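> how does the following fold in three dimensions:
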Amino acid sequence: VEQHNTVEDCWVVYFNFVYDMTDYAAGHPGGAPIVTNRAGEDGTESYKIFHDKMLLVTIDKYKIGRLVIPTELNPSSEEPSLTPTDSETEAPANGAPATPAPITRAPTTPAPI
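Predicted coordinates:
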């Protein structure tokens, strides 16, 4: 994400999701600099000042994916994994089909309106 930090290549993180805002920035109602000033970084706190989290649906088509921070780079991270481990998906010893582990997410607090 940090490498996409220009007006011509503008990726911004909002709520742990990465968005390619390059094409959107010029059409932002508050002006392109509102978006491009956060190019290559997490813009969540700035976003929350002016927008409700529910407004993210308007930029959903620009979403690239979920930001993943490897555990070895951030050992204090307490965010749960969204991918079950091999042991969670292995078939039981009795030959019954494996039951996929549920995907858990950290609780979120809605942003103020």
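> isn't residue 15 up against residue 53?
Yes. The pair residue 15 and residue 53 qualifies as a contact (CB atoms under 8 Å) at a distance of 6.5 Å. The way it works is simple: take the backbone N, C-alpha and C, and place the C-beta from them, glycine included.
> show me which residues of stretch 13-33 are buried.
Taking 16 or more other CB atoms under 10 Å as the neighbour-count basis, stretch 13-33 is seen to contain the buried residues 13, 14, 15, 17, 18, 19, 20, 21, 22, 24, 25.
> wait, doesn't residue 43 sit right on residue 13?
Yes. If you go by CB under 8 Å, residue 43 and residue 13 touch, sitting 6.4 Å apart.
> now the buried residues of stretch 13-33 in TSV, with pLDDT?
Written out in TSV, the entries for those read as follows (pLDDT from 0 to 100):
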residue	pLDDT
13	95
14	94
15	93
17	93
18	95
19	95
20	96
21	96
22	96
24	94
25	94
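> of all those residues, which two lie farthest apart?
Greatest spacing in those, by CB to CB: 15 and 22 (19.2 Å).
> and residue 45, how far from residue 8?
Remark: distance between residue 45 and residue 8 (CB to CB, to the nearest Å) = 25 Å.
> let me fix that, I meant to ask about residue 31.
Shown here: residue 31 relative to residue 8, a distance of 17 Å by CB to CB.
> what are the ranges of the strands in this protein?
For the chain, applying DSSP state E gives strands covering 5-6, 9-14, 17-20, 41-42, 63-66.
> the helix ranked longest in the chain - contacts with which helices or strands?
Looking across the chain with DSSP state H, the single longest helix is helix 44-50. Packed against helix 44-50, as judged by 3 or more CB pairs under 8 Å, 6 or more residues apart in numbering; DSSP states H and E, are the following elements: strand 9-14.
> other SSEs contacting the strand it packs on?
Taking 3+ CB pairs under 8 Å, 6+ apart as contact, the helices and strands that strand 9-14 lies on are strand 17-20, helix 32-36, strand 41-42, helix 44-50.
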